Structure formats: structure tokens, C-alpha cells
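**Q** output the structure for:
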Amino acid sequence: AVARSREVIEKLAVADLPYYGVSTGFGALATRHIPAERRAGLQRSLIRSHAAGSGPEVEREVVRALMLLRLSTLATGRTGVRLTTAAAYARLLDAGITPVVYEYGSLGCSGDLAPLAHCALALMGEGPVRDASGALVDAGVALAAAGIEPVELAEKEGLALINGTDGMLGMLVLALHDLNGLLRVADVAAAMSVEALLGTDRVFAEDLQALRPHPGQRESAANLRALLAGSEVVASHRGPDCTRVQDAYSLRCAPQVHGAVRDTLDHASLVAGRELAAAVDNPVVTLDGRVESNGNFHGAPVGYVLDFLAIAAADLASISERRTDRFLDVARNSGLPPFLADDPGVDSGHMIAQYTQAGIVSELKRLAVPASVDSIPSSAMQEDHVSMGWAAGRKLRRALDGVARVLAVELLTAARALDLRAPL
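**A** I've put the predicted structure just below:
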């Protein structure tokens, strides 16, 4: 399929009529026809000019993810690259060569142009990379050490290497994996808090949860029931002498909140699955051999769910912080010492751990402000509406780091409280 689509491009390269990306300039410069003898220089210039990112280095796992996803699209045979170019890109990954990609540069439309251009630059043997050991070296040196010949790009190939949503999609797929693990941790933390705060597990009963049949809620409640089954602490206050009518929302509504996050995760997974099956490039070589411009590079579908997950992540951390705070207040912690301190007054216990949580939760609320509602025109108004999906992915990664830290404080605090419930 790759070879067949390349044949189409090579026929157009010698045609009299101009074709976008093959024999013309790019973006707002698409009306300029480029003579044949200057087209190799055109592709090289495209990559050099677009590798204009700035800021901190992007994490290795994100760069490898976006490269793998770009390779996936090259392998569909819809982009018109040569098979040797796709194979060389694969060899970069196999050799553990990771181009240096920067935080800023993508608007999430026409794809993640700057991040992908820095990767294509490395394929050409130019620019900084990290080798398999993590050392910062020149791309030419790293390629030579791995026995990879630098690629001299042919017609259309520069465009094919940079016109995709691979950076934002890579961050989405990684976030789905991370958040799935964090949700399991959140259920464990919530169960520990319900137990140690002398809460009830009756509200998690299957028939009560079935009255509101959201699948995520059902799964979270089932986890809580399993985790609390056989607890001596829960059993110790289950009798008729227990005067508490109902628990605070942060305990009682854990399945509803954790479950809503799970359902959001499922929706984002659906979008990611569709995007993983896509061949995003512009122009594309169709199955019947046409070369057509399109708008599939727009990152809106991915940007929206990246933002949606940041909202859900902020709320998951928020309810965790509220459970933690209950442990520290003698008016609400059912007989535990102030701040769970060993010697209150001399020792502040977990007081400042909760401050740390509170600071992170406040930041998560700021990170929940969607990037995808923003747009700024570029390329002389040719690219007049952009997705900001890359920015949505960057802030989601920071948000998930914050959620992990907040849950860690809840786990630590609930464990301390359970120790104080001994000998139960």
C-alpha cells in the first residue's frame, strides 16, 4: 500500500499541473508552484522552518508515542511516503533515538507541526536527540552510531511527516492508561477512609446503585463493597447503638464521583480508538488513487476529551482532599486525635500534608479550564481556527501527576487513622 501510494505521488511530481504538498508551497504559500529541481530543498526547508519549538523538553514517553503514531499513519499507505522513509523512521524508534521536542509550538491544527518537525529533523540527521542511554547528542552522531543513513526527503514526504494529531493522541492514550490505574487507587483510598472514619458500607449496596444505572458507578461501588467486606472496624459500629444517620457526601458519594470519572474515561477511550484507526495527513492519497486536501488534521475530537479528562481528574482529587480533611478535625473524625498527631500541639500530625493536597487541588481547578475553547489564527489567516489539543494534553499530564500526589496523601492519612483504630 505504501509503494502504490508513492507511485501516485511520483506521477504527480512530473505532471504539468501543480499539486499541493508535491509541487507547491505550504499553508498560506500554497499558491506558489515550485520547479522540480527545487523540490528536495522544499521538503528540507519545510522541516527546518517548522522545527521551531521552544521551552522545556517534552518527556521521552510522549515523543516516542507521537513517533509511533506517525509511523502507524505512514504504514497505512495514505500519505505517499517512500517505504524506505517509513522504515528509517521505524529504525529511529528501535534504536531508542528520541528527538528533542519542546513544550511550545503546536496549536493542534495542521497537526502537531512543530513537535513532529523536530522528529523529522532528526530523521534528516539534524538537530539534538537523546540516544538510548539518555545522553544529549547531535542527530547525525546518533544515526551514525546506530547505522542509520540520514533521509533526504522526496516530494510530499516532509508534509507527511508532520501533518498529524500524533502528539495529542499519544498524550491521550498515555493519560487513559495512567488514569485507569489512579481510579483503582482512588477506590482503595476511599474504602480506607470510609472504614477509618467509621462510615457505613450499606450505601454501596448493589440494589441501591442499580437505581442509577451508570456503569462506572456500578464498578466503583462493587470495588468499595469488596474492599470493605469483612472489616472489623465497619462491623464494630453496625449495631442498633450507632446513632449516625448518614455519612458526609465525600464518603457516601464516592461511587457516583469515581464512577463518573470512569464513564468519562470510557468516552475518551472511544474517541482514542477511532483516532488510532485513522490516517491523518493532508493531502492524502485515497484508495482509488486521488490526492485530496482535507481537514482531518484538526485536533478538536482529541482536544475535547483531553479537556474533559482534566475536569474529571480535578474532581477526583477534590473529593479525595475532602475525605482527608475529615480525618484531621476532631469535630468530624469520630474520636481520633487532632490532625492524627501522636502528641497534638508538640506535633502537627498530618496538618501540612493536607495543605499540600489543598494547593494541588486548587491548581487542578485551574488546569481544568479547557484549552479547546481557545483558538488563535495563524498562517496569514489560512489556519484561522485551531484546536489547542496539544496544550490540552500538556496540562492533563500535569493534572494526573497532581491527582497521584493527592491520592497518596489520602492513603497515608487513612492508613494512619486505621492504625489508631487498633486493636480492631
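**Q** next, count neighbours for the residue nearest to A196 when sequence neighbours are not counted.
**A** Computed as Cβ to Cβ, 6 or more residues apart in numbering, the closest residue to A196 that is not its neighbour in sequence is A417, at 3.7 Å. All C-beta spots, glycine's among them, are computed from the backbone N, C-alpha and C. Neighbours of A417 under the rule other Cβ atoms under 10 Å: 26.
**Q** and what of E383?
**A** 19.
**Q** roughly how far apart are it and S293?
**A** Distance from E383 to S293, counting by Cβ to Cβ, to the nearest Å: 13 Å.
**Q** wait, what's in contact with the residue nearest to A196?
**A** Taking Cβ atoms under 8 Å, 6 or more residues apart in numbering, we find A417 in contact with 193, 196-197, 327, 333, 336, 340.
**Q** that one belongs to a strand?
**A** No - secondary structure of A417, determined by DSSP: H, G, I helix; E, B strand; the rest coil: helix, with no strand assignment.
**Q** report the separation between it and A142.
**A** Distance, A417 to A142, using Cβ to Cβ: 52 Å.
**Q** repeat for N163
**A** In terms of Cβ to Cβ, N163 sits 25 Å off from A142.
**Q** next: V22.
**A** Distance from V22 to A142, by Cβ to Cβ: 30 Å.
**Q** kindly report the same for P255.
**A** Using Cβ to Cβ, P255 is found at 50 Å from A142.
**Q** now swap in A13 and tell me
**A** From A13 over to A142 (counting by Cβ to Cβ), the distance is 31 Å.
**Q** equivalent analysis for G345, please.
**A** 59 Å.
**Q** so between those two, which is more surrounded?
**A** A142 (25 against 8).
**Q** which residues does the host helix or strand of the more buried one contact?
**A** Secondary structure from DSSP states H and E places A142 in helix 139-145. Outside helix 139-145, the residues that touch it by Cβ under 8 Å, 6+ apart are 92, 95, 97, 99, 121-122, 124-129, 131, 149-150.
**Q** are any of the residues you listed buried, and which?
**A** By neighbour count, with 16 or more other Cβ atoms under 10 Å, the contacts of helix 139-145 hold 92, 95, 97, 99, 121-122, 124-127, 129, 131 as buried.
**Q** what about the residues you listed, which are in helices?
**A** Using DSSP state H, 92, 121-122 are the members of the buried ones among the contacts of helix 139-145 that sit in helices.
**Q** L116: what secondary structure?
**A** Three-state assignment for L116 (three-state DSSP): helix.
**Q** where in the protein is pLDDT low?
**A** 26-29, 243, 245 (pLDDT under 70).
**Q** 80 - rerun?
**A** Counting by pLDDT under 80, the chain contains low-confidence ranges at 16-18, 20-21, 23-37, 39-40, 239-245.
**Q** show me the domain layout of it.
**A** Annotated domains of the chain cover 1-163, 169-421 [the TED database].
**Q** off-centre distance for the longest one?
**A** Distance, stretch centre to chain centre, for domain 169-421: 14 Å (Cα atoms, centre = their mean, to the nearest Å).
**Q** start to end distance for it?
**A** Counting by Cα to Cα, to the nearest Å, you get 46 Å between the two ends of domain 169-421.
**Q** one more: the first one?
**A** Between the opening and closing residues of domain 1-163 we find a distance of 19 Å, counting by Cα to Cα.
**Q** ok, now stretch 285-294?
**A** 11 Å.
**Q** also stretch 377-384?
**A** Termini of stretch 377-384 sit 4 Å apart (Cα to Cα).
**Q** tell me the buried residues in it?
**A** 378-379, 383.
**Q** would you turn those residues into JSON lines with distance to N223 and secondary structure?
**A** JSON lines is the format used below for these (distance: Cβ to Cβ, whole Å; DSSP: H, G, I helix; E, B strand; the rest coil):
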{"residue": "S378", "distance to N223": "46", "secondary structure": "strand"}
{"residue": "S379", "distance to N223": "49", "secondary structure": "coil"}
{"residue": "E383", "distance to N223": "45", "secondary structure": "strand"}
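**Q** of those residues, closest to V305?
**A** Nearest to V305, judged by Cβ to Cβ, of the buried residues of stretch 377-384 is E383 at 22.1 Å.
**Q** next up, the contacts around that closest one.
**A** The contact partners of E383, by Cβ under 8 Å, 6+ apart, come to 27, 107, 109-110, 377.
**Q** what number of residues lie near G216?
**A** G216 has 20 neighbours, counted by other Cβ under 10 Å.
**Q** try S106
**A** 30.
**Q** same check on the one 4 residues further on?
**A** Per other Cβ under 10 Å, the neighbour tally for S110 reads 25.
**Q** and E37, by the same measure?
**A** Based on other Cβ under 10 Å, the number of other residues close to E37 is 7.
**Q** would you map the strands across the stretch 251-400 of the chain?
**A** 284-285, 291-292 (DSSP state E, counting those that start in this stretch).
**Q** any idea which of those strands is most buried?
**A** Highest mean neighbour count of those: strand 284-285, a mean of 26 (counted as mean count of other Cβ atoms under 10 Å).
**Q** which secondary structure elements does that strand sit against?
**A** Using 3 or more Cβ pairs under 8 Å, 6 or more residues apart in numbering; DSSP states H and E as the contact test, the elements touching strand 284-285 are helix 2-13, strand 291-292.
**Q** contacts for that strand, please.
**A** With Cβ under 8 Å, 6+ apart as the test, strand 284-285 has contacts from 5, 8-9, 77-80, 291-292, 294, 296.
**Q** only the buried subset of these, as a PyMOL command please.
**A** To isolate the buried members of the contacts of strand 284-285 in PyMOL, using 16+ other Cβ under 10 Å:
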select buried, resi 5+8+9+77+78+79+80+291
